[in-house]
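> Turn this into a model:
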Amino acid sequence: MAGANIESNPLLQDFEFPPYDAIEAKHVRPGMHALLKKLESDLEELERTVEPSWPKLVEPLEKIVDRLDNVKDTAELRAAIKEVQTEKVNFQLRLGQSKPIYNAFKVLRESPKWMMLSEAQKRVVEKKQIKEAVLNGVALEDGRREEFNKIKQELEKLSKKFDENVLDATKKFEKLITDEKDIEGLPTTSLGLAAQMAVSKGHENATPENGPWVITLDAPCYNSVMRHARNRHLREEIYRAYVTRASSGDMDNTSIIEQIFKLRMERARLLGYNNYAEVSMATKMATIDKAEELLEKLRSASWDAAVQDMEDLKHIAKTQGAKESDDMSHWDIDFWSERLRESKYDINEAKPLSHTENWISLTKFYRVKDSSGNAIAYFYFDPYSRPSEKRGGAWMDEVVGRSRVLSRDGVSARLPIAHMVCNQTPPVGNKPSLMTFREVQTIFHEFGHALQHMLTKQDEGLVAGTKGIEGDAKELPSQFMENWCYHSTESLPEDVYRKLLAAKTFRAGSLSLRQYASVDLQLHTKYVPGGSESVYDVDQRVCEKTQLIPPLPEDRILCSFQHIFSAGYAAGYYSYKWAEVLSADAFSAFEVAGLNDKKAVKETGKRFRETVLALGGGKAPLQVFIEFRGHEPSPDALLKRNDLFPVAA
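I've put the predicted structure just below:
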């Protein structure tokens, strides 16, 4: 019977497109167990027959590392995944620390065959295999390697638990509102969402007009309350709940954070580094000094503008008779920013852009074709928030990557498939989902990642698409794409377009000043677990220079900071700013060419497509950038775009 189950398990079928509709929690454990067993045997075979040549080393290795990710989160799936997590991590460690494979790569690097390899193939060997193997502990002696592996296993468990606590704490909070005075100011779409949530909680007669309404900490709801709720007490309550998520009771991430820092430091020292930030920078474009230098340049350029922004907020609050005009708190900033935006530019952020109306209903599947009509990629798009089964935020991930080795017909490369997942405001009842400008920017951002994955021309699977690209260069295409939100060919009313353009640099100083990247780097370079300073003390200290209003004493935003504790951005959150510099400089190429000159835009776009989007990790990102732009990146374009240039002495 067990054998029959395995044979019919959808996770083990040879599929071109994943059978998502057929995968259930019951398939995960036996499916992953069988898959890992097969991969273990493939790895043993490779180690036994390995030769320092591309066909006998890299090609079989690529087949082993090719794998499938899953984004759905339900209690059943979570339990099943947790059961195979240890087994999976053990296999990844075994693969990453394979001495026969590591030695074969080193021999290949020193052999006459080296000169015959392409630039992309050399990058696979040096950056992807030898360097990553060393960072995976391959060069450690047996006892130290065992210690390293225990740390890695423990870190995987802690990150997973961290994520679950954030998700559970976010789900747990709900505030029932029955008096319509308390939700005054909230946009119709938000009221619809809150009423829909109330229905799901058993208030079956809830309506957007009459309530009751259930407010949650899910991003669309939280952001709407912060920006539009006239009830200051409600804003304060929701803000305090948000910045203290996962910081108390059985969902408290405090001790998990401590353990993560302790283990990261131990891991760094085992590898011969002074701190974890040095480990992180080993696979980045930047160095710690360069990252800190950039953050300080942006911070100092932003401070005076941010001070002026605050004065503007106080002024508008005063003109509307608000008592907080002399004493702005965290829960007032977004609210008065929206009122100031409305008064200056006559833009209501809560109002959707009309041309986005009902452009997609549910998860959809797309085929991407070239100019000749041939398929070159595919992608799934899952746009809407589903708090009960999907983690928050937005992301692009690969289903499969482009690969010559994994060709299905033995002739042409396997085509890339992406999935793009967002948490946009969902449709409510019969009303379609209408996107705010911020939500449009999110889609453009994630689509930038998807484009780099799908439009790659790199056939070496280990460096195709977004693979093998230094971590701080990966956000270049995504942040670059956001610029086009201001240059759409879709027909927006002229007055709306002009207002959006005018508001482009609105509060740029404040937004540039608020740097979580500085906290991240400080924690990963200087913080001592169990020392005189807590992680929250470090946060407060850094915020003195990066926020005009100090955080609340009870602020525990680090307890829900998934980017650095569970999503791979540890000592790398600066990457967003680093890539913002790259993207602003890259977009200025289009501005110099002339955005109204279709021919020039097309030519520049083709160059961007053939370099940044096509080369993947097959070439160093600095070289890719220079190939496109003709010079090394400079922060000047970013500062100029945000009206923060020149930098004050």
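> Might you report the residue contacts of residue 93?
The contact partners of residue 93, taken as CB atoms under 8 Å, 6 or more residues apart in numbering, are 136, 137, 149, 152, 153. Every residue, glycine included, has its C-beta placed from N, CA and C.
> redo that, cut-off 7 Å
By CB atoms under 7 Å, 6 or more residues apart in numbering, residue 93 lies in contact with 149, 152.
> how far away is it from residue 140?
12 Å (CB to CB, to the nearest Å).
> same deal with residue 86?
In terms of CB to CB, residue 86 sits 20 Å off from residue 140.
> The two: who's more crowded?
A direct count of neighbours by other CB atoms under 10 Å for residue 86 and residue 140 places residue 140 higher, at 18 against 12.
> any idea how far residue 253 is from residue 259?
With CB to CB as the criterion, residue 259 and residue 253 are 10 Å apart.
> Which residue of these two possesses the greater neighbour count?
residue 253 (28 against 17).
> quick one: the strands in the stretch 201-350 of the chain?
For the stretch 201-350 of the chain, the strands defined by DSSP state E, counting those that start in this stretch cover 213-215.
> Same check on the chain?
With DSSP state E, the ranges of strands along the chain come out as 175-177, 213-215, 364-369, 375-384, 395-400, 417-424.
> Please name whichever of those strands is nearest to residue 128.
strand 395-400 (15.6 Å; CB to CB).
> residue contacts, the most centrally placed residue in the chain?
Central residue of the chain (CA atoms, centre = their mean): residue 395, 5.5 Å from the mean position. When contacts are counted by CB under 7 Å, 6+ apart, residue 395 is found next to 421, 446.
> separation between it and residue 563?
Taken as CB to CB, the span from residue 395 to residue 563 is 11 Å.
> Give me the residue ranges of the stretch 301-450 of the chain where confidence is low.
Within the stretch 301-450 of the chain, the segments meeting pLDDT under 70 span 347-361, 387-389.
> nope, the chain is what I was after
Applying pLDDT under 70 to the chain flags residues 1-5, 67-78, 347-361, 387-389, 488-492, 646-649.
> which residues of the stretch 201-350 of the chain fall in helices?
219-228, 232-243, 254-270, 276-281, 288-319, 330-345 (DSSP state H, counting those that start in this stretch).
> Just put those in CSV and tack on distance to residue 643.
Output for those, formatted as CSV (distance: least, CB to CB, whole Å):
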stretch, distance to residue 643
helix 219-228, 23
helix 232-243, 29
helix 254-270, 37
helix 276-281, 31
helix 288-319, 8
helix 330-345, 14
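> Could you single out the most deeply buried of those helices?
helix 276-281 (a mean of 24; mean count of other CB atoms under 10 Å).
> Any chance you could list what contacts that helix?
Here helix 276-281 makes contact (CB under 7 Å, 6+ apart) with 135, 264-265, 268, 271, 273, 287-288, 521, 524-525, 570-572.
> how does it look with 8 Å?
Under CB under 8 Å, 6+ apart, the answer for helix 276-281 is 135, 261, 264-265, 267-268, 271, 273, 287-288, 291, 471, 521, 524-525, 570-572.
> just stretch 519-535 next, same as before
257-259, 261-262, 264-265, 275-277, 280, 288, 291-292, 295, 538-539, 541-543, 546, 558, 564, 569-574.
> same thing but at 6 Å, please
257-258, 261-262, 275-277, 538-539, 542, 558, 564, 571, 573 (CB atoms under 6 Å, 6 or more residues apart in numbering).
> how about stretch 390-408: buried residues?
By 16 or more other CB atoms under 10 Å, the buried positions in stretch 390-408 come out as 390-392, 394, 396-405.
> Taking those, tell me the two that lie furthest apart.
Farthest pair in these (CB to CB) is 392 and 404. Separation: 36.7 Å.
> Report how many residues lie close to residue 106.
15.
> Which residue, other than its chain neighbours, is closest to it?
residue 130 (6.5 Å; CB to CB, 6 or more residues apart in numbering).
> For the one you found, give its distance to residue 552.
47 Å.
> try residue 501
The value you get for residue 501 to residue 552, if CB to CB is used, is 36 Å.
> out of those two, which sits in the more crowded spot?
For residue 501 and residue 552, the more surrounded residue by other CB under 10 Å is residue 552, and the numbers stand at 16 against 12.
> Now do the same contact list for residue 64.
39, 42, 43.
> what do you get for residue 584?
Residue 584 sits next to 637, 638, 641 when contact means CB under 6 Å, 6+ apart.
> how much space is there between the closest residue to residue 180 other than its chain neighbours and residue 159?
In space, and not counting its chain neighbours, residue 180 is closest to residue 211: 6.4 Å by CB to CB, 6+ apart. To residue 159, residue 211 is 39 Å away according to CB to CB.
> Check residue 122 too.
Per CB to CB, residue 122 is found 32 Å from residue 159.
> re earlier: which one of the buried residues of stretch 390-408 is nearest to residue 429?
Nearest to residue 429 among the buried residues of stretch 390-408, with distances taken as CB to CB, is residue 390, at 20.6 Å.
> Pull the residues that contact stretch 188-203.
206, 207, 208, 212, 213, 214, 215, 224, 425, 428.
> Need the max-distance pair from the residues you listed.
212 and 425 (19.5 Å).
> which of those two has more neighbours?
Shown here are residue 212 and residue 425; by other CB under 10 Å, residue 425 has more neighbours (24 against 20).
> what's that one in contact with, if anything?
So residue 425 contacts 189, 220, 433 (CB under 6 Å, 6+ apart).
> and the gap between the nearest residue to it once chain neighbours are set aside and residue 397?
With sequence-adjacent residues excluded and distances taken as CB to CB, 6+ apart, residue 425 is closest to residue 220, at 4.6 Å. As for residue 220, its distance to residue 397 is 21 Å (criterion: CB to CB).
> One more: residue 554?
Taking CB to CB, one finds residue 554 at 35 Å from residue 397.
> Residue 186 and residue 228 touch, don't they?
Yes - look at residue 186 against residue 228 with CB atoms under 6 Å: they come within range, at 5.3 Å.
> Overlap of the contact sets of these two?
Joint contacts of residue 186 and residue 228 (CB under 6 Å, 6+ apart) do not exist.
> circling back: which among the contacts of stretch 188-203 gets closest to residue 330?
residue 224 (16.4 Å).
> which ones are touching residue 440?
Residue 440 touches residue 485, counting by CB under 6 Å, 6+ apart.
> Could you check how far it is from residue 446?
Per CB to CB, residue 440 is found 11 Å from residue 446.
> Kindly report the same for residue 529.
For residue 529 relative to residue 446 (CB to CB), the value is 34 Å.
> gap between the residue nearest to residue 180 and residue 535?
Going from residue 211 to residue 535 by CB to CB gives 40 Å.
> for residue 505, same thing?
On the measure of CB to CB, residue 505 and residue 535 end up 33 Å apart.
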